[in-house]
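Enquirer: Let's see this in three dimensions:
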Amino acid sequence: MKILVVDDHQLFIDGVRYLLQQLEDEVEVVECNNSASAIELLESPATFDLVLIDLVMPDLNGISIIQRLHSRGVCRPLVVMSGEDNPRTIKAAMDAGALGFIPKTFGSSAMLDALRQILTGELFLPEGMEQQIAAMPPRRSAVVGDITPRQQVVLELMALGYSNRQIATSLFLTEHTVKAHIRTLFQTLQAANRTDCVQLARRRGLLQDTATSDN
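Expert: Got it, this is the predicted structure:
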C-alpha cells in the first residue's frame, strides 16, 4: 500500500508514518511538506492508495488543492486529516471528492478505525460533523458538465456492470482511486448506491439508453 501524506509539520508526518505502518505489513509512506510538491505529485502519473492532506498549509491551503484537482478531473483517494474542523470547509472538501475527514485530535486507535473504514470504500465523518453537514442545504442536481471525463468513463463501465476491480484493471488505476471516483459520482448525483447512480445518470442525460446491470 502506498500512502501520500501532505502536511507542513514534520512532527505530525513522523507520527502518522508510524501509525500508518499498523494498517498492514507493507506500507510505503511518501511525504510532502508544501503545496507545490504535493500538486506536482498528485497531478503526475504516480499512483497512491490513499492521500492524507491537511487543510492549513502556508502557501496554498488543502481545500484549494482538492478543488484544483477536482476542476482538472484528477481523482485521487483523498482524506482530510486536519485540525481545521469548520463544517462548511469540510463539506466543500467532500463535495470536491474527499472520502472523509479525520480530526488531528483523534487518538491513534480512532484514526486507524477511520482509515480502515475508508479503505473498505466507505466515507468517514465524525458523528457530530456528519449531522452538521447533513443539515446544510443540498447541492444542486448534476448536469453533464459536472462530470469529469474520467468520471464519465467510470460511470459508463459501472453501467455495464463492471466491478471496482474490473474498472481499475481497464483504466490502469488502483481500486482505491476507482472507489474515489465512484464516491464523487454518488455525491454529485446524490445517489444511494451503484444502481441508483446509473439510473440518475440516465435521467440527467449522462448515459446513453442501454441496458444496465444491478451490480
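Enquirer: Quick check, L171 in contact with L155.
Expert: No - under the criterion of Cβ atoms under 8 Å, L171 makes no contact with L155, lying 12.0 Å away. (Glycine included, C-beta is placed from N, CA and C.)
Enquirer: In this structure, which helix is the longest?
Expert: The residue-count maximum for a helix in the chain (DSSP state H) belongs to helix 175-189.
Enquirer: where exactly do the strands run in this protein?
Expert: 2-6, 28-32, 50-53, 78-82, 101-103 (DSSP state E).
Enquirer: quick one: the shortest one to chain centroid distance?
Expert: Averaging C-alpha positions (Cα atoms, centre = their mean, to the nearest Å) puts strand 101-103 13 Å from its chain's average.
Enquirer: Could you list which residues are in contact with Q21?
Expert: 27, 29 (Cβ atoms under 8 Å, 6 or more residues apart in numbering).
Enquirer: Let's see that with 6 Å instead.
Expert: V27 (Cβ atoms under 6 Å, 6 or more residues apart in numbering).
Enquirer: And for E84?
Expert: 55-56.
Enquirer: pLDDT wise, what is it at?
Expert: Turning to E84, the model gives it a pLDDT of 80.
Enquirer: ok, it to V30 distance?
Expert: 22 Å (Cβ to Cβ, to the nearest Å).
Enquirer: cool, and Q199?
Expert: 39 Å.
Enquirer: How about L189?
Expert: 32 Å.
Enquirer: repeat for L42
Expert: In this view, L42 and V30 are 11 Å apart by Cβ to Cβ.
Enquirer: Contacts only, for E28.
Expert: Contacts of E28 (Cβ under 6 Å, 6+ apart): K2.
Enquirer: Quick check: beta-bridge partners of it?
Expert: K2 (DSSP bridges).
Enquirer: can you give me the helices in the protein?
Expert: Counting by DSSP H, the helices of the chain are 10-20, 35-42, 62-71, 87-95, 108-119, 127-134, 149-159, 164-171, 175-189, 194-203.
Enquirer: now, of those, which is deepest in the fold?
Expert: Comparing the helices of the chain by mean neighbour count (mean count of other Cβ atoms under 10 Å), helix 175-189 comes out on top with a mean of 23.
Enquirer: Just put the helices of the chain in JSON lines and tack on mean pLDDT and distance to P77.
Expert: Putting the helices of the chain into JSON lines (pLDDT from 0 to 100; distance: least, Cβ to Cβ, whole Å) gives the following:
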{"stretch": "helix 10-20", "mean pLDDT": "92", "distance to P77": "14"}
{"stretch": "helix 35-42", "mean pLDDT": "90", "distance to P77": "11"}
{"stretch": "helix 62-71", "mean pLDDT": "82", "distance to P77": "11"}
{"stretch": "helix 87-95", "mean pLDDT": "82", "distance to P77": "13"}
{"stretch": "helix 108-119", "mean pLDDT": "92", "distance to P77": "8"}
{"stretch": "helix 127-134", "mean pLDDT": "81", "distance to P77": "19"}
{"stretch": "helix 149-159", "mean pLDDT": "85", "distance to P77": "13"}
{"stretch": "helix 164-171", "mean pLDDT": "84", "distance to P77": "12"}
{"stretch": "helix 175-189", "mean pLDDT": "87", "distance to P77": "4"}
{"stretch": "helix 194-203", "mean pLDDT": "89", "distance to P77": "18"}
